[in-house]
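> Sequence and computational prediction follow.
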Amino acid sequence: MERDMELVKEILAQLRDGNYHVEEEIDWHSEEEIIYHLKIMSENDLVDVELKEVASKESGRKKEWAIGRMGGLTWKGHEFLDAAENASAWQQAKDFVQEQGSNVPFAVLKKMMMAYIKQEAGLS
C-alpha cells in the first residue's frame, strides 16, 4: 500500500478536532487504508495510537491490525499539521512531489513546508 499524504493530513486534522473514530469517519478511504496510515504515522511519532494484531478469517490473511487505543496527535503531529494547513506551503510540497513523479520522504516534505513558511514570515 502506498502512502497518501492527503490522507495523513486528514487523519491528523480529524484527531486534532477530537474525532477518535477516524476509521469510521473518512468515507473516501477504506478502514484498512486508514489503519495502515495510522500504523506508519505512529511509527514516525505523529500520532499516539496503539494497534493490535488480530486474526482475520474473512480476508484470508494471517493477521490484520485493529485499533486498540486511540490517543491524539504528538508534538510532531501538531507541527506537521500546522505546516500542512498553510495552503501555499502544502501546494508547493504537492507540486514538488508531482514534479518528482514519486513519493518524497516525509522529512523532506516537512522541511520544504517549514522553509516556505519561514520565507513568507521573513525569517530566512
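In hand now; what should we look at? Numbers count the residues shown, from 1 in each chain.

> what separates Ile40 from Ala107, distance-wise?
When C-beta to C-beta, to the nearest Å is applied, the distance between Ile40 and Ala107 equals 13 Å. Heads up, the C-betas are built off the backbone N, CA and C, glycines and all.

> Same drill for these two, tell me which one is more crowded.
More neighbours sit around Ile40 than around the other of Ile40 and Ala107, counting by other C-beta atoms under 10 Å; the figures are 14 against 9.

> And for the nearest residue to that one once chain neighbours are set aside, the neighbour number?
Taking C-beta to C-beta, 6 or more residues apart in numbering, and ignoring the residues beside it in sequence, Ile40 has Arg3 as its nearest neighbour in space, at 6.8 Å. A total of 13 residues lie near Arg3 under the criterion other C-beta under 10 Å.

> My read is that Arg3 contacts Lys39, right?
No: here Arg3 lies out of contact with Lys39, judged by C-beta atoms under 8 Å, at a distance of 11.2 Å.

> right, and Asn4 touches His37 too?
Heads up, residue 4 is Asp, not Asn. Yes: contact criterion C-beta under 8 Å: Asp4 and His37 qualify, at 6.9 Å.

> the more surrounded of those two?
Neighbour totals were compared for Asp4 and His37, and His37 leads with 24 against 16 (other C-beta under 10 Å).

> in what helix or strand does the more buried one lie?
Under DSSP states H and E, the secondary-structure element containing His37 is helix 31-43.
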